[in-house]
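Novice: sequence first, predicted coordinates after that:
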Amino acid sequence: MFLKRISLLKETVENFEQYPFSVPSINSFEQLELNNAITFFVGENGSGKSTLLEAVADKCDFHTAGGSRNNSYEVHASESVLGDYIRLSWMPKITNGFFMRAESFYHFATHIEEVDEDGFQSYGGRSLHKQSHGESFLSLFSNRFNGRALYLLDEPEAALSPQRQLTFLKILKDLSTQENCQFIIATHSPILLGYPDAQILSFDGGTIEEIEYEMTDHYRITKYFLDYREEFLKKILED
């Protein structure tokens, strides 16, 4: 592990009623302790998990639309509002890493298309635009990611089938245990959240709290749906 703590510099915030400080989980947190090589951010849409992840990427000097310190390209509204108001505590400090966000991955792929000079060797030997969405994600994880690095992933499951999410779990295991990588992942996937012994931080309820896998809404709703599908659908669709 490299990144140990994320702190909010509350004394520098002028107005807690403005976004993103108006988001309850951002407004209330002071610092987060990271105690695992794999940390998941979970919560409803708008709960603040992607906002904080983006701020960490900004503080690491990763491109906030997706990329590393070495990627430079223009994307509308890709700047982080929160980045200037957090502090990262390292042991030791590293600069290698990558911020991947599903919603703007197309822009990153286009950037790589424009600057590549080695036959896309860091992406499996093919242009990301000439692979399916899911293939391009796995090509990034399998070929671009390597040791002693921090990887920040925003909804990596967006293009991955359930089977490929399982493949991604194996990639996570290999990179974290053999390559000395640290991951912080914002996700809605109950499959990814099932990674053994990962730290799960919930952004729901107005605070950021560490919870167990079985206590996440992602697990409980999915399990209830699978166990009582007909009853569940009847209640939702007929009420």
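Specialist: Structure's in. What do you need?

Novice: from here on, just use CA atoms for contacts and neighbour counts.
Specialist: Fine.

Novice: how far away is Glu113 from Lys130?
Specialist: Separation of Glu113 from Lys130 (CA to CA, to the nearest Å): 10 Å.

Novice: now do the contacts for the residue nearest to Lys49 when sequence neighbours are not counted.
Specialist: Nearest residue to Lys49, sequence neighbours excluded (CA to CA, 6 or more residues apart in numbering): Phe41, at 5.8 Å. Phe41 is in contact with Lys49, Ile184, Ile185, Ala186, Thr187, Ile200, Leu201, Ser202, Phe203, counting by CA atoms under 8 Å, 6 or more residues apart in numbering.

Novice: and the strands in this structure?
Specialist: 3-8, 31-33, 38-42, 86-90, 97-101, 149-154, 181-186, 199-202, 209-210 (DSSP state E).

Novice: worst average pLDDT in those?
Specialist: For those, mean pLDDT drops lowest on strand 97-101, to a mean of 92.

Novice: distance between it and the chain's centre?
Specialist: Remark: strand 97-101 is offset 8 Å from the chain centroid, using CA atoms, centre = their mean, to the nearest Å.

Novice: which residues does that strand contact?
Specialist: Against strand 97-101 from outside (CA under 8 Å, 6+ apart): 57, 62-69, 145, 149-156.

Novice: who has more neighbours, Glu113 and Lys130?
Specialist: More neighbours surround Glu113 than the other of Glu113 and Lys130, with 16 against 10 (other CA atoms under 10 Å).

Novice: how much space between the more buried one and Leu192?
Specialist: 29 Å.

Novice: for Glu238, same thing?
Specialist: 32 Å.

Novice: what about these two, which has more around it?
Specialist: Using other CA under 10 Å as the criterion, Glu238 and Leu192 rank with Leu192 on top: 20 against 6.

Novice: so that one touches Gln165, yeah?
Specialist: Yes: the pair formed by Leu192 and Gln165 meets the contact definition of CA atoms under 8 Å, at 6.8 Å.

Novice: what do the two both touch?
Specialist: What both Leu192 and Gln165 touch, as defined by CA under 8 Å, 6+ apart, is the set Glu157.

Novice: what's the burial count for His53?
Specialist: Careful, residue 53 is Leu and not His. Leu53: 24 neighbours (other CA under 10 Å).

Novice: so, low pLDDT: which residues of the protein?
Specialist: Residue ranges of the chain with pLDDT under 70: 76-79.

Novice: any idea how many residues pack against Arg126?
Specialist: The number of residues near Arg126, taken as other CA under 10 Å, comes to 15.

Novice: give me the nearest residue to it, chain neighbours excluded.
Specialist: In space, and not counting its chain neighbours, Arg126 is closest to Phe120: 5.5 Å by CA to CA, 6+ apart.

Novice: just the buried residues of the lengthiest helix in the chain, please?
Specialist: For the chain, the helix with the greatest residue count under DSSP state H is helix 162-178. Across helix 162-178, burial judged by 16 or more other CA atoms under 10 Å covers Arg164, Gln165, Phe168, Leu169, Leu172, Lys173, Leu175, Ser176.

Novice: thought the second one was touching Ala158?
Specialist: The reference is to Gln165. No: Gln165 lies out of contact with Ala158 (CA under 8 Å); the separation is 9.7 Å.
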